[in-house]
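Peer 1: Kindly return the folded structure for what I paste below:
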Amino acid sequence: MGKRILLVDDEKMILDTYSSLLDEKGYSVVATNCGRKALEFFSSHFFDLVITDLAMPEVDGFRIIEEVKRSSPTTPVIVFTGKGYRSVKEYVSLLGAYALLEKSSSNDMFISCVRNSLKMIA
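Peer 2: Numbers count the residues shown, from 1 in each chain. Alright, predicted model coming up:
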């Protein structure tokens, strides 16, 4: 069985596209468009990696990073966002995120980042 990944984004197209891509690479993906549901899933299931958008209604990606790192400090978090401003990149790094990728990144770069983050816990 592949590594378990929690994918969080409020855009259905992003969830569908990247869930399929990760599935093709052999990962087991749980995808949700709701930050609150993501935290519920994370508190009741084991995940090797969390990939989250930042700007979402109700519970944003910043809170997801904080909660994941509080309850499971070794679980890597990749932030996948529309705009990777330097100040945002520095802030998510301080919160403990492994990486910040812009959604305009290539699929190869995305998968490479996923693989590298999972090597940290292997």
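Peer 1: drop to CA atoms for contacts and neighbour counts, all remaining ones
Peer 2: Will do.
Peer 1: what pairs with the spatially most central residue of the chain across the strands?
Peer 2: By CA atoms, centre = their mean, the mean C-alpha position of the chain lies nearest to residue 51, the distance being 0.7 Å. Residue 51 has the following beta-bridge partners by DSSP bridges: residue 7, residue 78.
Peer 1: Offset the numbering so it begins at 342, please.
Peer 2: In the new count, where the first residue is 342, that last one comes out as residue 392.
Peer 1: Isn't it up against residue 422?
Peer 2: No. Here residue 392 lies out of contact with residue 422, judged by CA atoms under 8 Å, at a distance of 10.0 Å.
Peer 1: Would you map the strands across this protein?
Peer 2: 345-349, 369-373, 390-393, 418-422, 440-443 (DSSP state E).
Peer 1: Arrange the ones you listed in CSV, one row each, with distance to residue 409 as further columns.
Peer 2: CSV is the format used below for the strands of the chain (distance: least, CA to CA, whole Å):
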stretch, distance to residue 409
strand 345-349, 11
strand 369-373, 15
strand 390-393, 8
strand 418-422, 8
strand 440-443, 14
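Peer 1: which residues touch residue 410?
Peer 2: By CA atoms under 8 Å, 6 or more residues apart in numbering, the contact list for residue 410 reads 416, 436-437.
Peer 1: what comes up buried for stretch 356-375?
Peer 2: Neighbour-count burial for stretch 356-375, counted by 16 or more other CA atoms under 10 Å, picks out 356, 359-360, 362-363, 368-375.
Peer 1: Fine by me, thanks again.
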